[in-house]
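Visitor: the sequence isn't on hand, but the structure is:
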């Protein structure tokens, strides 16, 4: 075999190695899809769902404070922390299994399925109707209510609910965004409805999947789980990820080049 033939063979071998390296690198990059709502079109309106504010259910806790110019009268309705061993200035009302909260003087009030604004208006109406307070102002806030974000996010854990509406993008932002290894095409939301766990799968890269999902508005006690991509799953398997690493292919390329040059010389 003459020198020209060896050189041609070496050139083909190098070309093959380069091609394989480029394919591997492009495959590696394609796994790292980090764009949200990638099919969104500029200047095109997006149809939003009907607003779904937080509605109360058994087990929820509320902080309810009645304000009035007559401090002695309203003190009957405002529980103190001593009565419930609570660290806050005022104790919390817990919605029982029947959907009621038990307010002093007023008695049981059903709040199941109501928003906190509706609860505030209902209590104010009962105070006025029973001529207990002439100028009541009722403040209702969520107490110890939240949702959970798990998986490939920067700050997983339980997040407190402090406002009436939270959408999925806002919930993810509260958790510091997805990591580079988060699977944006397959975010799982688990929601308890009538005693059953209902799963929703949301593709954050598609407008229709995100804005059209029943899980777009987060509810109390939702579990939002961001699945890991294949790279993350393979982290414990050194061989699985080594072939997708640029370092691996550059090392292979250098080794092949060295071997070919030695062989030609």
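Guide: In hand now; what should we look at? Keep in mind the model is a prediction, meaning the values are calculated, not measured.
Visitor: report how many residues lie close to residue 196.
Guide: For residue 196, the neighbour count with other Cβ atoms under 10 Å is 7. All C-beta atoms are positioned from the backbone trio N, CA, C, and that covers glycine.
Visitor: then residue 202?
Guide: 22.
Visitor: quick check: it vs residue 183, distance?
Guide: 11 Å (Cβ to Cβ, to the nearest Å).
Visitor: find residues that contact each of those two.
Guide: Common contact partners of residue 202 and residue 183 (Cβ atoms under 8 Å, 6 or more residues apart in numbering): none.
Visitor: contact partners of the host helix or strand of residue 158?
Guide: In the assignment (DSSP states H and E), residue 158 maps to strand 157-160. By Cβ under 8 Å, 6+ apart, the residues outside strand 157-160 that reach it are 145-149, 171, 174-175.
Visitor: just stretch 192-202 next, same as before
Guide: Where contact means Cβ under 8 Å, 6+ apart, the residues beyond stretch 192-202 that reach it are 168, 186-191, 209-210, 213-216, 221.
Visitor: show me what contacts residue 209?
Guide: Contacts of residue 209 (Cβ under 8 Å, 6+ apart): 202-203.
Visitor: which strand or helix spans it?
Guide: Residue 209 belongs to helix 207-211, assigned by DSSP H and E.
Visitor: buried residues, that helix. List them.
Guide: 207, 209-211 (16 or more other Cβ atoms under 10 Å).
Visitor: before we move on, the earlier item: out of the contacts of stretch 192-202, the closest to residue 42 would be?
Guide: Taking Cβ to Cβ as the measure, residue 42 lies nearest residue 210 of these, at 17.0 Å.
Visitor: count the neighbours of residue 133 for me.
Guide: A count of nearby residues for residue 133, using other Cβ under 10 Å, gives 22.
Visitor: hmm, it is touching residue 127, no?
Guide: Yes - Residue 133 lies in contact with residue 127 (Cβ atoms under 8 Å); the separation is 4.6 Å.
Visitor: what do the two both touch?
Guide: By Cβ under 8 Å, 6+ apart, the residues touching both residue 133 and residue 127 are residue 66.
Visitor: the stretch 151-265 of the chain: strands as residue ranges?
Guide: Secondary structure of the stretch 151-265 of the chain (DSSP state E, counting those that start in this stretch): strands at 157-160, 182-193, 196-202, 223-228.
Visitor: mind putting those into JSON lines with mean pLDDT and distance to residue 67?
Guide: Below are the strands of the stretch 151-265 of the chain laid out as JSON lines (pLDDT from 0 to 100; distance: least, Cβ to Cβ, whole Å):
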{"stretch": "strand 157-160", "mean pLDDT": "96", "distance to residue 67": "24"}
{"stretch": "strand 182-193", "mean pLDDT": "93", "distance to residue 67": "34"}
{"stretch": "strand 196-202", "mean pLDDT": "95", "distance to residue 67": "39"}
{"stretch": "strand 223-228", "mean pLDDT": "95", "distance to residue 67": "36"}
